[in-house]
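Peer 1: This is the structure alone, sequence omitted:
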């Protein structure tokens, strides 16, 4: 047996699993049948919200969807989380802005969110493929957390097609001459 430490992702996963296990312990709760119910069905609303908050933090949602989050190294009041951003991302696709998720989900129910998030296809820089790859339980937890924040903020600026100059601030992807203009091509 090796004396090497466990790889960081596995160590983090193990710590998270232990934290979830400890947080879920309730000595006064009646025993529940785990054979008949899925883990998601056993989650309380508080469990879903806590799990959703964790997922929003570690998957980088705030990096784009919360103004100033990355610049302030995550030290942003939760009241501002996921309210969209005026920072544009300009490239061959045009200019995109991180949506105000709290307003986007305000009129959705859980089933609508699961259908929407499970088939989302959007423009860069949103890693929609990562959201589609998440389990339904994870997307469900994120929904409950975002809904718990309530609607807030203003809509993000609208998408601008290629050739339209955005107002600052924005990042710009400059594609070298002769390089494919498609994003994500090898």
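Peer 2: Received it, and whenever you're ready, just let me know what you need. Keep in mind it's a predicted model, so treat the numbers as computed, not measured.

Peer 1: Residue ranges in the chain under the pLDDT threshold?
Peer 2: Across the chain, residues meeting the criterion (pLDDT under 70) sit at 1-43, 179-186.

Peer 1: Quick one: the helices in it, in order.
Peer 2: Applying DSSP state H to the chain gives helices spanning 8-24, 39-42, 45-58, 61-65, 101-105, 110-119, 128-133, 136-149.

Peer 1: For those, give me TSV that also has mean neighbour count and distance to residue 163.
Peer 2: The C-beta positions use only the backbone N, C-alpha and C, and glycine is treated the same way. Listed next are the helices of the chain as TSV, based on neighbours: other C-beta atoms under 10 Å; distance: least, C-beta to C-beta, whole Å:
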stretch	mean neighbour count	distance to residue 163
helix 8-24	11	42
helix 39-42	12	45
helix 45-58	17	34
helix 61-65	21	23
helix 101-105	20	26
helix 110-119	14	29
helix 128-133	13	24
helix 136-149	20	34
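
Peer 1: got CSV for those helices, with distance to residue 86 too?
Peer 2: Listed next are those as CSV, based on distance: least, C-beta to C-beta, whole Å:
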stretch, distance to residue 86
helix 8-24, 33
helix 39-42, 36
helix 45-58, 20
helix 61-65, 12
helix 101-105, 14
helix 110-119, 24
helix 128-133, 21
helix 136-149, 19
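
Peer 1: between those, which one is nearest to residue 167?
Peer 2: Nearest to residue 167 among those is helix 61-65 (17.8 Å), distances taken as C-beta to C-beta.

Peer 1: Packing partners of the closest one?
Peer 2: Where contact means 3 or more C-beta pairs under 8 Å, 6 or more residues apart in numbering; DSSP states H and E, helix 61-65 is not packed against any helix or strand.

Peer 1: Can you give the contact residues for that helix?
Peer 2: 55-56, 69-70, 74, 76, 81-85, 87, 98-101, 125-126, 142 (C-beta atoms under 8 Å, 6 or more residues apart in numbering).

Peer 1: and residue 131, what does it touch?
Peer 2: Contacts of residue 131 (C-beta under 8 Å, 6+ apart): 117, 120, 139.

Peer 1: swap that for residue 145, sorry
Peer 2: 48-53, 55-56.

Peer 1: For those, could you give me a markdown table that also reports distance to residue 152?
Peer 2: Formatted as a markdown table, the contacts of residue 145 follow (distance: C-beta to C-beta, whole Å):
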| residue | distance to residue 152 |
| --- | --- |
| 48 | 20 |
| 49 | 16 |
| 50 | 20 |
| 51 | 21 |
| 52 | 16 |
| 53 | 15 |
| 55 | 19 |
| 56 | 14 |
